[in-house]
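Trainee: Next come a sequence and a model predicted from it.
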Amino acid sequence: MSCVVDACTCTMCSPPNPPPTTALTCVLRCFPCEPTWAGSPFLHRPPTPPMVRMTRSKTFQAYLPSCHRTYSCIHCRAHLANHDELISKSFQGSQGRAYLFNSVVNVGCGPAEERVLLTGLHAVADIYCENCKTTLGWKYEHAFESSQKYKEGKFIIELAHMIKDNGWD
């Protein structure tokens, strides 16, 4: 059974719609511009999927400039740090040698906890690759000894979890 209704007369439709053949057709044509539908439960549709499909591999939050020497996650190749942010190569991680960086990218941070490290008591938070979720090292949140305060806010990345990229010839 069809219900014939008049053509849309709203001012937002231009040119005016041809006469619809059913009430459903009218609703579908006028739905976006009809203010009386504002409180309708039909407005609460799931969000439209993005036009570009994001994938887990090779989709990073930040890409470092290709003209600089960089360090990347050995597991997924997400960029982690620019060589210019390297402070020291003389650190020891839980799995061997580690580097201290001033800043990093594509890294998430866990909750801070107190740990006794080789240089004393520190509040540190494990850091992980945002792309593959591998634990990379830690961030120094607080140093309890005054001689270690320079580490606060800095990042340790273990060599076992990173690879050199771009311009290391």
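Mentor: Perfect, I can see it now.
Trainee: switch to C-alpha atoms for all contacts and neighbour counts from now on
Mentor: Fine.
Trainee: can you confirm Tyr71 is in a strand?
Mentor: Yes. The assignment for Tyr71 (DSSP: H, G, I helix; E, B strand; the rest coil) places it in a strand.
Trainee: let's number from 2 now, not from 1
Mentor: In the new count, where the first residue is 2, that last one comes out as Tyr72.
Trainee: what about the helices in this structure?
Mentor: In the chain, the helices defined using DSSP state H lie at 24-31.
Trainee: Could you list the low-confidence segments of it?
Mentor: Scanning the chain with the threshold set as pLDDT under 70 gives 2-61, 67-68, 168-170.
Trainee: do that again at 90, thanks
Mentor: Low-confidence segments of the chain, defined by pLDDT under 90: 2-70, 94-96, 118-120, 165-170.
Trainee: these two touch, right, Gln96 and Ile157?
Mentor: No. In this structure Gln96 lies outside contact range of Ile157 using CA atoms under 8 Å: 11.8 Å.
Trainee: Looking at the two, which one has more neighbours?
Mentor: Ranked by neighbour count (other CA atoms under 10 Å), Gln96 and Ile157 place Ile157 first, with 27 against 11.
Trainee: got a list of what the more buried one touches?
Mentor: Residues in contact with Ile157 (CA atoms under 8 Å, 6 or more residues apart in numbering) are 92, 94, 99-102, 137-141.
Trainee: For it, which non-adjacent residue is spatially closest?
Mentor: Leu101 (4.6 Å; CA to CA, 6 or more residues apart in numbering).
Trainee: Surely the one you found is in contact with Gly94?
Mentor: No. Leu101 lies out of contact with Gly94 (CA under 8 Å); the separation is 10.1 Å.
Trainee: Distance of Asn103 relative to Ala124?
Mentor: For Asn103, the distance to Ala124 (CA to CA, to the nearest Å) stands at 17 Å.
Trainee: cool, Leu87 as well?
Mentor: Taken as CA to CA, the span from Leu87 to Ala124 is 21 Å.
Trainee: Nice, that's everything, thank you.
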